[in-house]
Structures are given as structure tokens and as C-alpha cells.
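J.: Dropping a prediction and its sequence here:
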Amino acid sequence: MKRLNAASTEDFLSTEEAADYLEVKPTVVRNYLWEGKLTTYKFKTLTLLSRQELDDWKKHRSTG
């Protein structure tokens, strides 16, 4: 987990938004986070995911 001092809505997504983006259920994203497959970013009380990391994950998943 990494803490953020500021978060841009262009650069970070919530767990639910990330699930929509990856076309999976939010539970799947939470499992990825728990398993350490994706990085958790904290901003205040929000759990966020990097859009760049999700882009990379999506590309890897489609070629894997």
C-alpha cells in the first residue's frame, strides 16, 4: 500500500471503477489487491488503483 498526498481522477480509480474498467466484478479486483497483483493506493479514506497499472494489467491479460 502506498499513501498519496493528492489524487487525480484521471490517474486513479476506485475499486468499483477499476472493476468496470477491467470488466470484472469488484470482488475480483479486491482479490487482486489482497494477493498483491495490483498496488493499493490510499488517499484519505479512499482505496485507489493506478490507471496506468490497470492499463498494463489489461494489456498483459489480453496477451497472456
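T.: Now that the structure is in, tell me what you want to look at.
J.: Work out which residue lies at the spatial centre of the protein.
T.: Closest to where the C-alpha atoms of the chain average out (Cα atoms, centre = their mean) is Leu49, at 2.9 Å.
J.: Can you check my assumption that that residue lies in a helix?
T.: No - looking at Leu49 with DSSP: H, G, I helix; E, B strand; the rest coil, it is strand, so not inside a helix.
J.: my read: it touches Leu38, true?
T.: Yes - Leu49 is within contact range of Leu38, at 5.9 Å (criterion: Cβ atoms under 8 Å). C-beta coordinates here come from the backbone N, C-alpha and C atoms, glycine included.
J.: what do these two both touch?
T.: Taking Cβ atoms under 8 Å, 6 or more residues apart in numbering as the contact rule, Leu49 and Leu38 both touch 18, 29.
J.: I'd like to know how many residues surround the closest residue to the residue nearest to the centre of the chain other than its chain neighbours.
T.: The shortest distance from Leu49 to any non-neighbouring residue, by Cβ to Cβ, 6 or more residues apart in numbering, is to Ala18 (4.5 Å). The number of residues packed near Ala18 is 26, by other Cβ atoms under 10 Å.
J.: how near is the closest residue to Asp11 other than its chain neighbours to Thr63?
T.: The spatially closest residue to Asp11, leaving aside those adjacent along the chain, is Arg51, at 5.6 Å (Cβ to Cβ, 6+ apart). Per Cβ to Cβ, to the nearest Å, Arg51 is found 19 Å from Thr63.
J.: Those two: which is more packed in?
T.: Between Arg51 and Thr63, counting by other Cβ under 10 Å, Arg51 is the more crowded of the two (17 against 6).
J.: Thought Glu10 was touching the more buried one, still the case?
T.: Yes - applying Cβ under 8 Å, one finds Arg51 in contact with Glu10, separated by 7.1 Å.
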